[in-house]
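Asker: Sequence plus the predicted model coming up.
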Amino acid sequence: MGATKVNTGTSESHLSLIEKIKSRKARIGVIGLGYVGLPLVIEFGKAGFDVIGFDIDEEKVKLLSEGKSYIKHIDSEKISQIKPKFTPTNDFSKLSEVDCIIICVPTPLNKYREPDLSYVFNTGKTIAKYLRKGQLVVLESTTYPGTTDEDLRKILEESGLKAGVDFFLAFSPEREDPGNKNFNTSKIPKVVGGYTPQCLEVAKTLYDQIVIKTVPVSSTKVAEATKLLENIYRAVNIALVNELKMLFDKMGIDIWEVIEAAKTKPFGFQAFYPGPGLGGHCIPIDPFYLTWKAREYDFHTRFIELAGEINTYMPYYVVQKTIDALNERGVSIKGAKILVLGLAYKKDVDDVRESPAFKIIELLEEKGAIVDYNDPYIPESPKTRMYNLSKKSVPLTEENLSKYDCVLIATDHSVYDPKFIVEHSKLIVDTRNLINGNGIYSNKVVKA
């Protein structure tokens, strides 16, 4: 059952908050100062708003208070520039001091690949303690349709206040792409859905102040579904090329060459590329949110689940290709010394969320291999929800490369010199086409 919508018409608090936002007198609160929350803080600060950033991580709060960034692609200078307008804190009682609250907390999967919304719901309970009339609450964390106007609304209304009457509620999916130099937060159109028409108008007004374009939709559910569609589209197409990679490999065909040829068609084709598995917070996780929610409607999302199976299998495929390549050279996987290049989930970032490199390392070590890694952006492997590798990045030197039985390229960082890697390695398993993609061909290279 969907939530019953409330349409209260024009209210004094509704117009008052809109005027406060337009005049930059509204105070903004951002909960979760990670890859999504911190860019929002910067944009609101640049636009002249006073911003309070909330995070439970005391180290993050300390660094930000000193004007320092802990995210590679976000310069500390950007934090320093807004410092007079920005107050980072772990004191959530200050939520009562802000006019607009934006939730940017993680929405991972549990070990059964089911949605874990504990961060959102616990945040909602915290907000409910300090919620006051006339505030706007916006959820940005990716989730299944119904989270905002059903689950989160009920938690917030435990405060005794009613959504659409006493406070405003909306959903606006984050569209961050860490490391993308062409599209930052302000240049990416923002989809916004409100619990009521008033809620939508207030939320749209808020984002109008910092983004190039807002895209209003009819409900929070439509906004939630929009984000899922965007990432399911990518996940399914990546699964397609991953499956074709495995098939074409058996047929002696290079999938990368096929993609380059296909994308010369000026219509009807968009290039997607294979890899060692999906990484980042969105594509490996979001499809399963819809799959889980679909069960409520007795609907089996076969297409999405098949894509998930293929993409989840890719680290296993990479490891098997590595084992086969070593065997052909008379080297057993047990005791083999392997260097994994790249721990980040994609090139030129320090983001390890859902990175397939972790699973690849785990599988190789289970087979008895001795595994090290190099990543210029990740000097020490961080502890994640699933993994605790406790490793340090090995320097990429001639001597180090030559001592490994195999160098496995998991991430194609721009700083990696393919010629240098080929020259000093015994065997290279390339999951990103780094070597051939730079016009270098060698019998040392095996694609996976």
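Answerer: Perfect, thanks for sending it.
Asker: Would you tell me what the next helix or strand after the longest helix anywhere in the chain is?
Answerer: Secondary structure of the chain read by DSSP state H shows that its longest helix is helix 220-250. Proceeding N to C from helix 220-250, the next assigned helix or strand is helix 255-262, under DSSP states H and E.
Asker: buried set for that next one?
Answerer: 255-256, 259 (16 or more other C-beta atoms under 10 Å). C-beta here means a position set from N, CA and C on the backbone, and glycine is covered the same way.
Asker: quick check, nearest of the residues you listed to V407?
Answerer: V407 lies nearest to W256 out of the buried residues of helix 255-262, by C-beta to C-beta, at 18.8 Å.
Asker: Might one say that that closest one is in contact with N433?
Answerer: Yes. Checked against C-beta atoms under 8 Å, the pair W256 and N433 is within contact range at 4.5 Å.
Asker: Show me the common contact partners of those two, please.
Answerer: Counting by C-beta atoms under 8 Å, 6 or more residues apart in numbering, the common neighbours of W256 and N433 are 273, 447.
Asker: mind listing the strands for the stretch 251-400 of the chain?
Answerer: 337-341, 370-374 (DSSP state E, counting those that start in this stretch).
Asker: For the first one, which helices and strands make contact with it?
Answerer: Yep, that's strand 337-341 we're talking about. helix 356-366, strand 370-374, helix 398-403, strand 406-409 (3 or more C-beta pairs under 8 Å, 6 or more residues apart in numbering; DSSP states H and E).
Asker: What residues of it count as buried?
Answerer: Applying 16+ other C-beta under 10 Å to strand 337-341 flags 338-341 as buried.
Asker: Could you give the backbone dihedrals for the residue lying closest to K129 once chain neighbours are set aside?
Answerer: In space, and not counting its chain neighbours, K129 is closest to S159: 7.5 Å by C-beta to C-beta, 6 or more residues apart in numbering. Here is the backbone geometry of S159 (degrees, to the nearest 10): phi -70, psi -10.
Asker: and S159, how many neighbours?
Answerer: 18 (other C-beta atoms under 10 Å).
Asker: my guess is it contacts A128, does it?
Answerer: Yes. S159 lies in contact with A128 (C-beta under 8 Å); the separation is 4.3 Å.
Asker: what sits up against the lowest-mean-pLDDT helix or strand in the chain?
Answerer: In the chain, no helix or strand scores lower on mean pLDDT, DSSP states H and E than helix 286-294, which sits at a mean of 85. In this structure, residues lying in contact with helix 286-294 by C-beta under 8 Å, 6+ apart are 107, 109, 113-115, 142-146, 225, 227-228, 231-232, 235-236, 300-301, 304-305, 307-308.
Asker: Give me the buried subset of the residues you listed.
Answerer: 107, 109, 115, 142-146, 225, 227-228, 231-232, 235-236, 301, 304, 307-308.
Asker: want to throw the strands of the stretch 251-400 of the chain into a markdown table with mean pLDDT and distance to S355?
Answerer: Shown next, in a markdown table, are the strands of the stretch 251-400 of the chain (pLDDT from 0 to 100; distance: least, C-beta to C-beta, whole Å):
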| stretch | mean pLDDT | distance to S355 |
| --- | --- | --- |
| strand 337-341 | 98 | 10 |
| strand 370-374 | 98 | 11 |
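Asker: between those strands, which one is nearest to F183?
Answerer: strand 337-341 (26.8 Å).
Asker: Can you show me the CA trace of the closest one as CSV?
Answerer: C-alpha atoms of strand 337-341 as CSV (Å, rounded to 0.1, in the frame of the first residue of the first chain):
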residue,chain,number,x,y,z
LYS,A,337,53.8,-14.3,-6.3
ILE,A,338,51.2,-12.0,-7.8
LEU,A,339,51.1,-8.2,-7.9
VAL,A,340,47.6,-6.6,-8.4
LEU,A,341,47.8,-3.2,-9.9
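Asker: Low-confidence stretches in this protein?
Answerer: 1-11, 280-284 (pLDDT under 70).
Asker: and it, what are its domains?
Answerer: 12-218, 233-447 (automatic domain parsing).
Asker: most tightly surrounded among those domains?
Answerer: Each of the domains of the chain was scored by mean neighbour count; the highest is domain 12-218, a mean of 19, by mean count of other C-beta atoms under 10 Å.
Asker: want to try TSV for the strands of the stretch 251-400 of the chain, with distance to G134 as columns?
Answerer: TSV is the format used below for the strands of the stretch 251-400 of the chain (distance: least, C-beta to C-beta, whole Å):
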stretch	distance to G134
strand 337-341	52
strand 370-374	51
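Asker: Of all those strands, which one is nearest E328?
Answerer: strand 337-341 (15.3 Å).
Asker: what pairs with that closest one, and is each one parallel or antiparallel?
Answerer: Its sheet considered, strand 337-341 pairs with strand 370-374 (parallel), strand 406-409 (parallel) by DSSP bridges.
Asker: between these, which gets nearest to V241?
Answerer: strand 406-409 (17.6 Å).
Asker: So what touches that closest one?
Answerer: Here strand 406-409 has contacts from 318, 322, 325-326, 331, 336-342, 360, 401, 416, 421, 425-432, 434-435, 448, using C-beta under 8 Å, 6+ apart.
Asker: now swap in stretch 432-443 and tell me
Answerer: Counting by C-beta under 8 Å, 6+ apart, 254, 256, 273, 275-276, 409-412, 416, 418-419, 421-422, 428, 430, 445, 447 sit against stretch 432-443.
Asker: chain center to it, what's the gap?
Answerer: 28 Å (C-alpha atoms, centre = their mean, to the nearest Å).
Asker: quick one on the thing from earlier: for the longest helix of the chain, name the packing helices and strands.
Answerer: strand 168-171, strand 190-194, helix 255-262, helix 286-294, helix 302-328.
Asker: For the residue located most distally from the centre of the chain, which residues are in contact?
Answerer: Centroid-distance maximum for the chain: G330 at 40.1 Å, with C-alpha atoms, centre = their mean. Counting by C-beta under 8 Å, 6+ apart, G330 makes contact with nothing.
Asker: Before I go, just wanted to say thanks for your time.
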